[in-house]
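K.L.:
Predicted model and sequence below, questions to follow.
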Amino acid sequence: MVADPSVKPSPTIRTELPSRPAGPSGDGEDRRGPAAPATPEPGAMHAAPAPQIRLRTHAFDLFYGAHQALKAVTLEVPSHSVTAIIGPSGCGKSTLLRAFNRMNDLIPGVRVGGRVELSGNDVYAPATDVVELRRRVGMVFQRPNPFPKSIFDNVAFGLRLLGVRDRGELEARVEQSLRRAALWDEVRDRLGRSALALSGGQQQRLCIARALAVEPEVLLMDEPASALDPTATARIEELALELKARYTILVVTHNMQQAARISDLTAFMLQGELIEVGETRALFTRPRQKLTEDYITGRFG
Ligand SMILES: Nc1ncnc2c1ncn2[C@@H]1O[C@H](COP(=O)(O)OP(=O)(O)OP(=O)(O)O)[C@@H](O)[C@H]1O
Ligand SMILES: [Mg+2]
């Protein structure tokens, strides 16, 4: 839960799309991993099931006023994986991340076209409940941004907004979220203290716990470790690897070594376009596009 739902999103002008029936309903995260297809194709009995696609964009454009920041981006993000987005400063990484939970709506003058889906549902459909969308698609930013409240109240914040009042339930869910964010052991005896007294790395894990508390399906992370020291960075990287068992993680990073360490898939962007996406090791060792090769070998950016 990152957005203050009392903030009214500014109107987003949407280019008209042919209407399409909504896809299968987003039924919450499947904790058991990708489901097998209901009717396997003949001869496909022994093939691994196709990964479930949690997030998808199709020919997605985004304009800030006259400036087109995303150009026909088509990307699929499988469930229970870490997908990294890399590319030089200003190429549109944060903008793309924010498209998935409509955080860009909060910026005046934003226009979008094309399609963004969460579990097959059109994120930009007029009927989309944006508060619910942001519960399902949590976000963690570059600089840890805990509220000036206690550790407990930070993690309980979104739950209280959702109407959870029962003290026992709040305590159980705060503990579970802090455990999942690998912070519980460090804070269990000081949950009433200010979150601002935590170290930067602890604050970032607290922000992750705050996002996890409302049971999202997706965690968007925008350079989550770039303000942290190497030890705290390593903890965030370990955490991303642990969390993918339960969540779908999309992480922006400037650090190609980090992308290589933590991600299953990597997407390379340049000047608003998605140049290449593929299995991380393959993208770094055998890029298909010359532009990708030039970037990963340090010729620009
Ligand atoms: N709020 C905004 N209003 C207008 N233009 C914006 C806004 N945010 C980003 N842009 C522009 O959109 C383009 C993409 O910006 P974005 O922040 O998505 O890039 P980025 O890849 O995340 O860069 P960085 O690596 O520096 O964080 C840039 O040209 C940027 O100037
Ligand atoms: Mg950015």
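P.N.:
The structure has been received and is ready for your questions. Ligands and ions are numbered 1, 2, ... in the order given.

K.L.:
Every contact and neighbour count from this point should use C-alpha atoms.
P.N.:
Noted.

K.L.:
Could you pick out the residues of the stretch 1-150 of the chain near ligand 1 for me?
P.N.:
Tyr64, Ala69, Pro88, Ser89, Gly90, Cys91, Gly92, Lys93, Ser94, Thr95, Ile107 (CA under 6 Å from any ligand atom).

K.L.:
hmm, who's touching the helix or strand hosting Gln258?
P.N.:
Per DSSP states H and E, Gln258 falls inside helix 256-262. Residues from elsewhere that reach helix 256-262 (CA atoms under 8 Å, 6 or more residues apart in numbering): 82, 84-86, 237-238, 240-241, 253, 266, 280-281, 284, 296.

K.L.:
ok, of these, which come out buried?
P.N.:
82, 84-86, 237, 240-241, 253, 266, 280-281, 284, 296 (16 or more other CA atoms under 10 Å).

K.L.:
Which ones among the contacts of helix 256-262 lie within helices?
P.N.:
Under the assignment DSSP state H, these contribute Glu237, Glu238, Ala240, Leu241, Thr280, Arg281, Phe284, Ile296 to helices.

K.L.:
Surely the fourth one is in contact with His80?
P.N.:
Okay, so that is Leu241. No: counting by CA atoms under 8 Å, Leu241 does not reach His80; the two are 9.9 Å apart.

K.L.:
All the strands of the stretch 101-250 of the chain, residue numbers only.
P.N.:
110-118, 121-122, 137-140, 218-222, 248-252 (DSSP state E, counting those that start in this stretch).

K.L.:
Against Arg134, how distant is the residue nearest to the spatial centre of the chain?
P.N.:
By CA atoms, centre = their mean, the mean C-alpha position of the chain lies nearest to Leu220, the distance being 1.7 Å. To Arg134, Leu220 is 10 Å away according to CA to CA, to the nearest Å.

K.L.:
Same question for Thr57.
P.N.:
Counting by CA to CA - Thr57 and Arg134 are separated by 17 Å.

K.L.:
cool, and Gln258?
P.N.:
Gln258 is 26 Å from Arg134, by CA to CA.

K.L.:
Comparing these two, which residue is more hemmed in?
P.N.:
More crowded of Gln258 and Arg134, by other CA atoms under 10 Å: Arg134, with 22 against 15.

K.L.:
got the contact list for the closest residue to that one other than its chain neighbours?
P.N.:
Spatial nearest neighbour of Arg134, excluding adjacent residues (CA to CA, 6 or more residues apart in numbering): Asn101 at 5.4 Å. Taking CA under 8 Å, 6+ apart, we find Asn101 in contact with Val123, Val130, Leu133, Arg134, Val137, Gly138.

K.L.:
Before I go, just wanted to say thanks for your time.
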